[in-house]
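**Student:** Can you look at this prediction? I've put the sequence above it.
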Amino acid sequence: GILSRGAVRIGETQATEDVLDQMFAGDRDALLLGIYKATFGAEAELTAFCSGCEDYKSILIDVDEDIEVRKLSDPISDRRFNVKGKSHEYTIVLPNGKVQKDLLLNSDKTLAELTTLLLEGTVQEIDGTRVFSKGQVQEIGLVDRRKIADELTKRAFGPQFEEVKATCPDCGGEVVAPINLGALFRQYSHR
């Protein structure tokens, strides 16, 4: 993929697929955004629907200004955390590249199935006992699953790909464009 073609080294380590898979998802997204900026610059053109014009418009955004980048307060200790559930306590680790890839490759699955994939890659211990099988994660109750997923979302770091608000070049109204790495890179794949 783009990461393995665009990254040569991570610190002193050669950027192999295995090394990239072990990177946290937020670090991978930051690296991809850096590759985008180094290749195409900080300005991006996105398509968004303008309700004032009732038409799709091209808007320009500045990825440095318009994409929030969230950092961990403590890059070492914030990687792992505990979640107190309804009747169990869970030790969670932030998702890595392998989890991120698994989720992307299974985007056709239901939300419940995607949550299970996320938990299989992030729940390390239940009540202090190491998780060694998918079955242990599949048995986590709905309330606890939601709580863990919410905590993972709250603690997500790196570029925050959300909606970007811009001004319509024609009517001056507010236009909202969804943004993600796919949308950024896709604008160049069609040229």
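**Tutor:** Yep, that arrived. Predicted, not measured: the structure shown is a model, and the values here were computed from it.
**Student:** buried ones in the biggest helix by length in the chain?
**Tutor:** As assigned by DSSP state H, the longest helix anywhere in the chain is helix 25-40. With burial defined by 16 or more other C-beta atoms under 10 Å, the residues of helix 25-40 counted as buried are 25-33, 35-36. No exception for glycine: its C-beta is placed from N, CA and C like everyone else's.
**Student:** Output those residues in JSON lines; the columns should cover distance to Lys71 and pLDDT.
**Tutor:** Shown next, in JSON lines, are the buried residues of helix 25-40 (distance: C-beta to C-beta, whole Å; pLDDT from 0 to 100):
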{"residue": "Ala25", "distance to Lys71": "14", "pLDDT": "93"}
{"residue": "Gly26", "distance to Lys71": "9", "pLDDT": "93"}
{"residue": "Asp27", "distance to Lys71": "11", "pLDDT": "93"}
{"residue": "Arg28", "distance to Lys71": "15", "pLDDT": "92"}
{"residue": "Asp29", "distance to Lys71": "13", "pLDDT": "93"}
{"residue": "Ala30", "distance to Lys71": "10", "pLDDT": "93"}
{"residue": "Leu31", "distance to Lys71": "14", "pLDDT": "93"}
{"residue": "Leu32", "distance to Lys71": "17", "pLDDT": "92"}
{"residue": "Leu33", "distance to Lys71": "14", "pLDDT": "93"}
{"residue": "Ile35", "distance to Lys71": "19", "pLDDT": "91"}
{"residue": "Tyr36", "distance to Lys71": "19", "pLDDT": "91"}
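**Student:** got any ranges where the protein has weak pLDDT?
**Tutor:** 187-191 (pLDDT under 70).
**Student:** Repeat the analysis, applying 50 as the threshold.
**Tutor:** Regions of the chain meeting the criterion pLDDT under 50 cover residues 191.
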